[in-house]
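Engineer: what shape does this take:
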Amino acid sequence: MARLAFALALYTDQRRADIVSFGPSQVKDGWLSFTQFKNRNRNPVHLEIPIIPELQRIIDATDTGSETFLVTAFNKPFTSNGFGNKFRRWCNEAELPQCSIHGLRKAAAARLAEMGRSEHEIMAITGHKTSKEVIRYTRAASQKRRAERAMDGFEFDRPKIESVPLFSGTPNGGAE
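Structural biologist: Numbers count the residues shown, from 1 in each chain. The predicted structure follows:
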């Protein structure tokens, strides 16, 4: 269950309130289709995200619930807060105190930036409506990728210049 939770966070780039709602009913032809929990009543964001093969492999290998993929020890869906607490325990048990669901959301966005994805492509996964948060999440990764692209093909070796004589023949007034 911990591995599935980690994979859902890393491979969907969603908030914990959305991760706990994912289940078989949101899967359509290999895609997760859902409305994000945040702002669902004021300004809903509907997303469709492909389930990459690695995530599908982990879902298939996990004993999931019938309603939601992630379930408690009592086979009940997690609440958002309950899942946050359980994920913290899993991270502590794995000796990953720096790991968090929100940290994985940032890491997933940064990985997309490192892969060269545009802000709009990343926004299509994260569900952000403006690029402000995406830029904040991906600033370092984007800078590294832009620098790499800027220097791509730049030759550090100077071309070999053959020596060309300044004059030919005998200099004026000189002897052969």
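
Engineer: gap between the residue positioned nearest the centre of the chain and T138?
Structural biologist: The C-alpha lying nearest the average C-alpha coordinate of the chain belongs to A108 (CA atoms, centre = their mean; 2.4 Å). For A108, the distance to T138 equals 10 Å [CB to CB, to the nearest Å]. C-beta here means a position set from N, CA and C on the backbone, and glycine is covered the same way.

Engineer: my guess is L112 meets I122, correct?
Structural biologist: Yes. The criterion here is CB atoms under 8 Å, and L112 meets it with I122 at 4.8 Å.

Engineer: okay, now the unreliable bits of this structure?
Structural biologist: Scanning the chain for pLDDT under 70 picks out the ranges 155-176.

Engineer: what ranges do the helices span in it?
Structural biologist: 2-12, 16-19, 53-61, 80-93, 101-114, 119-126, 131-151 (DSSP state H).

Engineer: about what we covered before: overlap of the contact sets of L112 and I122?
Structural biologist: Contact criterion CB atoms under 8 Å, 6 or more residues apart in numbering; residues shared by L112 and I122: T138.

Engineer: what are the buried residues along stretch 115-134?
Structural biologist: Across stretch 115-134, burial judged by 16 or more other CB atoms under 10 Å covers R117, E119, I122, M123, I125, T126, G127, H128, E133, V134.

Engineer: and stretch 50-70, by the same measure?
Structural biologist: Using 16+ other CB under 10 Å as the burial criterion, the residues of stretch 50-70 that qualify are I51, L55, I58, I59, T62, T64, G65, T68, F69, L70.

Engineer: ok now that stretch, how far from the chain's centre?
Structural biologist: Stretch 50-70 sits 19 Å away from the centroid of its parent chain (CA atoms, centre = their mean, to the nearest Å).

Engineer: show me this protein divided up by domain.
Structural biologist: Domain assignment for the chain by automatic domain parsing gives 1-99, 100-153.

Engineer: could you check how far R105 is from M151?
Structural biologist: 30 Å.

Engineer: which of the two has more neighbours?
Structural biologist: Legend: neighbour count by other CB atoms under 10 Å for R105 and M151, higher for R105 (21 against 9).

Engineer: now that one: closest residue in space that isn't a chain neighbour?
Structural biologist: Using CB to CB, 6 or more residues apart in numbering and skipping residues adjacent in sequence, the residue nearest R105 is D13, 5.8 Å away.

Engineer: wait, isn't the one you found in contact with L112?
Structural biologist: Yes. D13 is within contact range of L112, at 7.5 Å (criterion: CB under 8 Å).

Engineer: list the residues that contact both of those two?
Structural biologist: With CB under 8 Å, 6+ apart as the test, D13 and L112 both reach I125.
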